[in-house]
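Trainee: please find the sequence and the predicted model below.
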Amino acid sequence: MFEARLHQSSFLLKILEAIKELLNEATFQCTQNGIQLQAMDTSHVSLISLFLSQGGFDNYKCDRNISLGINLSSMLKIMKCAGSDDILTIKNHEEPDSITFIFESQSYDKVSNYQLRLMNLEHEHLDIPETDYACVMKMPSSEFARIFKMLLQFGETVEISCSKEGVKFSTSGDLGSANIKLAPNNTTDSDKAVFIEIQEPVVATFAIRYLTLFAKATPLALRVQLSLMPDSPLLVEYQIGDKGHLKYYLAPKVDD
Amino acid sequence: MFEARLHQSSFLLKILEAIKELLNEATFQCTQNGIQLQAMDTSHVSLISLFLSQGGFDNYKCDRNISLGINLSSMLKIMKCAGSDDILTIKNHEEPDSITFIFESQSYDKVSNYQLRLMNLEHEHLDIPETDYACVMKMPSSEFARIFKMLLQFGETVEISCSKEGVKFSTSGDLGSANIKLAPNNTTDSDKAVFIEIQEPVVATFAIRYLTLFAKATPLALRVQLSLMPDSPLLVEYQIGDKGHLKYYLAPKVDD
Amino acid sequence: MFEARLHQSSFLLKILEAIKELLNEATFQCTQNGIQLQAMDTSHVSLISLFLSQGGFDNYKCDRNISLGINLSSMLKIMKCAGSDDILTIKNHEEPDSITFIFESQSYDKVSNYQLRLMNLEHEHLDIPETDYACVMKMPSSEFARIFKMLLQFGETVEISCSKEGVKFSTSGDLGSANIKLAPNNTTDSDKAVFIEIQEPVVATFAIRYLTLFAKATPLALRVQLSLMPDSPLLVEYQIGDKGHLKYYLAPKVDD
């Protein structure tokens, strides 16, 4: 029996918007601790790892571990039906083959009930090793989104060079070349602060397109954290308030 | 000789937006009482009935009954030319084969004059019998629009069940099923009130697509009235202030 | 060596938006007085003449005349990368085959550097004779844009008749006909004023499509000036504050 209740469900919609271009369907693993989703994107280049803590829900019951295979665009359609002041309950008990989304309006005596068929998805367990990263950067998520939106105009791959002086994003293509340098700052405006922690400088190359897809998570968090390690995947991490996190891992491009 | 004058013409634009997806062209029947339009939609499933009272115009002259056959998308193009503070005069006299729209700007010394060729349309008179409906519901027009926009995501036909307890809209399709229950409420916020008058419960099935097309009339009125009768068309009715009304009739779906 | 610096670069973006549908690429001629662009549109019907005075930049250095051949859609992509509070520097010195756009953020310690390859464009010098126009009209640029957006719904060519009483724009097509009359006014609201100076009445015909393309310059200036002369090109002129001007010349349509 699984049941979760939320007064403000808009962050669930934002999560779906943040992963729908990377995944068509996904298995949500529900345990008493919360809900987890781990999956490679459809082209097996990046890995998405979502965790929603049970404490982030207004009410959460899960008496045994269950896996819910869900078509994400169908779930997105349902979540878009939510009114801004609706209370959402997600249920899987009476009918084990389906999941029910119930929206209760607070301004009308209205209850909307959407039942979605579950999918049987193959689910591989992904082991993500804890990594001690050489460079960790924190910056405004909107700035991260802007930088890669710009770079996408110029090229397909970005070279990220991170050192004590700052981080440089470089690309080039038919149009010409683009270089964006961002230095750590000591602004008192904590939303605009850029922090860089360095153990050793790192230079690595990544596909810009995936970074712009990760940036779809911008509405979830004001800040984003990037972690780099030579010859290792880049970790892009959004904290969803005290509700959980959304992490993206992207394999580096290796020169032939 | 027909001439009508309006200081605020934006509601005419809203009316055209509310019928343009159902009708390509239409005959406006002008009498000394006002302007009437009655027509089956292009696929002959629903009926549109518009009445604009002469009292809703700032000036209205019609000395004999005339029928004006008009291409609605052309008229829409003209109405979109109106500035927000323009005074509109609609005329048909000197040139009987055309209708003239004159916009006088109140902020410039500007007069815009659009002459549209009239069409010779066959016009069948439609007799709409007065019906004593078994269920009459009043609700916010925005809520009506939202409900059918959601249901359209899930299915093609909606079952409407109306009883003393409230009204239930149900559909299902490939995705799963959707049920929206709306109960009468005693809110003091009259814009949000839901009223249901019942003589006997009614259950009937309709094509969702047409209901979403009727909902294009939402900008015309804060409230909408739905009237149901077993084995009879559903009546969806928008009052356009004290200027008139726009009614849609939709035949029920019959099980094979 | 060419270098120009701007605290507010948004007007450059507006200029590119105002010419991009008329020109694919263009030669910017830089002298110590400022930057000039003169070109026939791609279909050789209209002429665009842009001048940006060196005084309109916060810093301007040009020690010898140079011609910069630039693909406008590439430059537009770069200009769209500018943040609203970025300081822009445009440079051509170290690498003569390319032009560099540097955006320095005022809210971050961020420098974005875009290098664009220059093009070798054939450049014909265009002699625009000074003309003593018979009719000169000044009106709000937004009104000019609105009028031709409307007329484009009705026809392909507009007849402009200008006399002491005012200016009349007329067109007709399949739909019917449209006439817009604008008279000089003595409004105290100088932004809405319409002025007409007449030496002799002029009637001339032009392609509406080009006039709607010229109206893309509306965001550059609150006012537009139209100058007419029998059998001569129409001049449509936008003053870009004290920074320069953007002029369009359009050849009249001649009856066969």
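Mentor: The structure has been received and is ready for your questions. Residues are numbered from 1 along each chain as shown, chains lettered A, B, ... in the order given.
Trainee: when you scan the helix ranked longest in chain A, is anything in it near chain C?
Mentor: The longest helix of chain A (DSSP state H) is helix A:141-154. Yes: using CB under 8 Å from any CB of the partner chain, we find that helix A:141-154 touches chain C at A:Glu143, A:Arg146, A:Met150, A:Gln153, A:Phe154. All C-beta atoms are positioned from the backbone trio N, CA, C, and that covers glycine.
Trainee: buried stuff in stretch A:112-126?
Mentor: A:Ser112, A:Asn113, A:Tyr114, A:Gln115, A:Leu116, A:Arg117, A:Leu118 (16 or more other CB atoms under 10 Å in any protein chain shown).
Trainee: among the residues you listed, which ones are in strands?
Mentor: Among the buried residues of stretch A:112-126, the residues falling in strands (DSSP state E) are A:Ser112, A:Asn113, A:Tyr114, A:Gln115, A:Leu116, A:Arg117.
Trainee: of all these, which comes closest to B:Leu211?
Mentor: Set against B:Leu211, the nearest of these by CB to CB is A:Ser112 (16.0 Å).
Trainee: next helix or strand past the helix or strand hosting A:Glu197?
Mentor: Using DSSP states H and E, the element containing A:Glu197 is strand A:195-198. Using DSSP H and E, the helix or strand that follows strand A:195-198 in sequence is strand A:202-207.
Trainee: could you give the angle of that next one to helix A:141-154?
Mentor: For strand A:202-207 against helix A:141-154, the angle by axes from the mean of the first three to the mean of the last three CA atoms, to 10 degrees is 70 degrees.
Trainee: can you give me the buried ones in strand A:202-207?
Mentor: By neighbour count on 16+ other CB under 10 Å, the buried set for strand A:202-207 is A:Val202, A:Ala204, A:Phe206, A:Ala207.
Trainee: quick one, what contacts the second one?
Mentor: Contacts for A:Ala204 (CB atoms under 8 Å, 6 or more residues apart in numbering or on different chains) come out as A:Glu159, A:Ile160, A:Leu228, A:Pro230, A:Asp231, A:Leu234, A:Pro252.
Trainee: if we can go back for a sec, contacts for the very next helix or strand once past the longest helix of chain A?
Mentor: Using DSSP H and E, the helix or strand that follows helix A:141-154 in sequence is strand A:157-163. Contact with strand A:157-163 is made by A:135, A:137, A:148, A:151, A:167-171, A:196, A:198, A:201-208, A:211, A:228, A:234, A:253, as judged by CB under 8 Å, 6+ apart.
Trainee: could you check how far stretch A:26-43 is from the centre of its chain?
Mentor: The chain centre lies 12 Å from the centre of stretch A:26-43; the measure is CA atoms, centre = their mean, to the nearest Å.
Trainee: quick check: mean pLDDT of that stretch?
Mentor: Averaging pLDDT along stretch A:26-43 gives 95.
Trainee: and it, how far apart are its ends?
Mentor: 14 Å (CA to CA, to the nearest Å).
Trainee: dump the contacts of A:Ala204 to CSV, plus secondary structure and pLDDT.
Mentor: Shown next, in CSV, are the contacts of A:Ala204 (DSSP: H, G, I helix; E, B strand; the rest coil; pLDDT from 0 to 100):
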residue, secondary structure, pLDDT
A:Glu159, strand, 97
A:Ile160, strand, 98
A:Leu228, strand, 97
A:Pro230, coil, 94
A:Asp231, coil, 91
A:Leu234, strand, 97
A:Pro252, coil, 95
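Trainee: near chain C, which residues of the stretch 51-200 of chain A are found?
Mentor: Residues of the stretch 51-200 of chain A lying near chain C (CB under 8 Å from any CB): A:143, A:146, A:150, A:153-154, A:166, A:175-185, A:187, A:192, A:194.
Trainee: rerun at 7 Å
Mentor: Contacts of the stretch 51-200 of chain A with chain C, taken as CB under 7 Å from any CB of the partner chain, map to A:143, A:150, A:153, A:175-183, A:185, A:192, A:194.
Trainee: so which of those residues sit within helices?
Mentor: Among these, the members falling in helices are A:Glu143, A:Met150, A:Gln153 (criterion: DSSP H).
Trainee: any idea which residue of the stretch 51-200 of chain A lies closest to chain B?
Mentor: A:Asp109 (3.9 Å; CB to the nearest CB).
Trainee: tally of neighbours for that residue?
Mentor: Residues within reach of A:Asp109, counting by other CB atoms under 10 Å in any protein chain shown, total 15.
Trainee: phi, psi for it please.
Mentor: phi -90, psi 70 (degrees, to the nearest 10).
Trainee: what ranges in the stretch 101-250 of chain A fall below the confidence cut-off?
Mentor: Scanning the stretch 101-250 of chain A for pLDDT under 70 picks out no residues.
Trainee: near chain B, which residues of it are found?
Mentor: So far as CB under 7 Å from any CB goes, the stretch 101-250 of chain A lies against chain B at A:Ser107, A:Tyr108, A:Asp109, A:Lys110, A:Val111, A:Ser112, A:Asn113, A:Tyr114, A:Gln115, A:Leu116, A:Arg117.
Trainee: go through those residues and name the one nearest chain C.
Mentor: Taking CB to the nearest CB as the measure, chain C sits nearest to A:Ser107 out of those, at 37.1 Å.
Trainee: tell me which element that closest one falls in.
Mentor: In the assignment (DSSP H and E), A:Ser107 maps to no helix and no strand.
Trainee: that one against B:Lys192, yeah?
Mentor: Yes: A:Ser107 is within contact range of B:Lys192, at 6.0 Å (criterion: CB atoms under 7 Å).
Trainee: ok, so what distance separates A:Leu220 from chain C?
Mentor: From A:Leu220 across to chain C, the span is 21 Å (CB to the nearest CB, to the nearest Å).
Trainee: try A:Gln106
Mentor: Here the criterion is CB to the nearest CB. By it, A:Gln106 lies 38 Å from chain C.
Trainee: ok, the residue lying closest to A:Leu126 once chain neighbours are set aside to A:Leu211 distance?
Mentor: In space, A:Leu126 comes closest to A:Gln38 once its chain neighbours are excluded; the distance is 5.0 Å by CB to CB, 6 or more residues apart in numbering or on different chains. To A:Leu211, A:Gln38 is 20 Å away according to CB to CB, to the nearest Å.
Trainee: which of the two has more residues huddled nearby?
Mentor: Set A:Gln38 next to A:Leu211 and count neighbours by other CB under 10 Å: A:Leu211 wins out with 25 against 19.
Trainee: doesn't the more buried one lie inside a helix?
Mentor: Yes: counting by DSSP: H, G, I helix; E, B strand; the rest coil, A:Leu211 falls inside a helix.
Trainee: nearest to A:Thr100, of the ones in helices among the residues of the stretch 51-200 of chain A next to chain C?
Mentor: Ranked by distance to A:Thr100 (CB to CB), these are led by A:Glu143 at 39.7 Å.
Trainee: what residues are up against the closest residue to that closest one other than its chain neighbours?
Mentor: Distance criterion CB to CB, 6+ apart; nearest residue to A:Glu143, sequence neighbours excluded, is C:Tyr108 at 6.8 Å. Neighbour list for C:Tyr108: A:Glu143, A:Leu182, A:Asn185, A:Lys192, A:Val194 [criterion: CB atoms under 7 Å, 6 or more residues apart in numbering or on different chains].
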